[in-house]
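> For reference, the sequence and a predicted model appear below.
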Amino acid sequence: MGRAVASPTGFDGRRRTDDGPEFVGWDKPAAQSHQNPLVLHLQAAPEGGYVVTSPLDPELITEAETIDEAFANARDAAAALKRSRLKLLRSLSASKTAR
């Protein structure tokens, strides 16, 4: 099992896997601003950088070159998913009331 280290953007739990380093953490700025905190899984990509996913939201998938960029990209992806889901919900609500 790896050691836990703090980063400027949040907490990253590091552990080593057969595929290289793996990071699990949360988005501290989002948590401090009372937004929904992001739980992220950062897997080292073979070509360099990281593949970023969230175990709490399987649709959140992005890539980044650095850990700081990973958190920023994840925030952007989460915001885009939220907008998309709200738009879909409004569309479904409108079609249901039109019946």
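That came through, no problem.
> For the rest of this, base every contact and every neighbour count on C-alpha atoms.
OK.
> tell me which element Lys78 falls in.
In this structure residue 78 is Ala, not Lys. Element membership for Ala78 (DSSP states H and E) is helix 67-97.
> Give me the packing partners of that helix, helices and strands only.
Applying 3 or more CA pairs under 8 Å, 6 or more residues apart in numbering; DSSP states H and E, we find helix 67-97 packed against strand 50-54, strand 57-64.
> and the angle from that helix to strand 57-64?
140 degrees (axes from the mean of the first three to the mean of the last three CA atoms, to 10 degrees).
> List the buried residues for helix 67-97?
Going by neighbour count (16 or more other CA atoms under 10 Å), the buried part of helix 67-97 is 67, 70-71, 73-75, 77-78.
> Same check on stretch 37-47?
38-45.
> So for it, mean pLDDT?
The pLDDT scores in stretch 37-47 average 89.
> before we move on, back to that, out of the buried residues of stretch 37-47, the closest to Ser54 would be?
Leu40 (4.5 Å; CA to CA).
> tell me which residues form a beta bridge with the closest one?
Gly25 (DSSP bridges).
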